[in-house]
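Engineer: Okay, structure incoming, though there's no sequence with it:
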């Protein structure tokens, strides 16, 4: 009986860890595609604010 309980607990723990890792991986993949779309559109990605900057705002931030 103890072996079953240990196995269930281990399985539940591993599943929880997998869900958490998947969540962070999905967020990083989404960020990658957001940055890629921004650069393809001719913008510059602002890592501090996590947003795309277009046009003259790109050069104003460099000054």
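Structural biologist: On my side now, so go ahead. Note that the structure is a prediction, hence the values are computed from the model and not measured. Residues are numbered from 1 along each chain as shown.
Engineer: following the helix or strand containing residue 21, which helix or strand comes up?
Structural biologist: For residue 21, the host element (DSSP states H and E) is helix 2-40. Next in sequence after helix 2-40, counting helices and strands by DSSP H and E, comes strand 44-46.
Engineer: Show me what counts as buried in the helix holding residue 21.
Structural biologist: Buried residues in helix 2-40, counting neighbours by 16 or more other C-beta atoms under 10 Å, are found at residue 38. For the C-beta atoms, the positions are set from N, CA and C on the backbone; glycine is no exception.
Engineer: For burial, what's the neighbour tally of residue 43?
Structural biologist: Using other C-beta atoms under 10 Å, residue 43 is surrounded by 17 other residues.
Engineer: and it, how far is that from residue 4?
Structural biologist: With the distance defined as C-beta to C-beta, to the nearest Å, residue 43 ends up 56 Å from residue 4.
Engineer: Likewise for residue 41?
Structural biologist: Distance from residue 41 to residue 4, by C-beta to C-beta: 55 Å.
Engineer: so who does residue 18 touch?
Structural biologist: If you count contacts by C-beta atoms under 8 Å, 6 or more residues apart in numbering, residue 18 has none.
Engineer: which residues of the protein score low on pLDDT?
Structural biologist: 1, 57-63 (pLDDT under 70).
Engineer: Apart from its neighbours in sequence, what residue is nearest residue 53?
Structural biologist: Computed as C-beta to C-beta, 6 or more residues apart in numbering, the closest residue to residue 53 that is not its neighbour in sequence is residue 44, at 5.0 Å.
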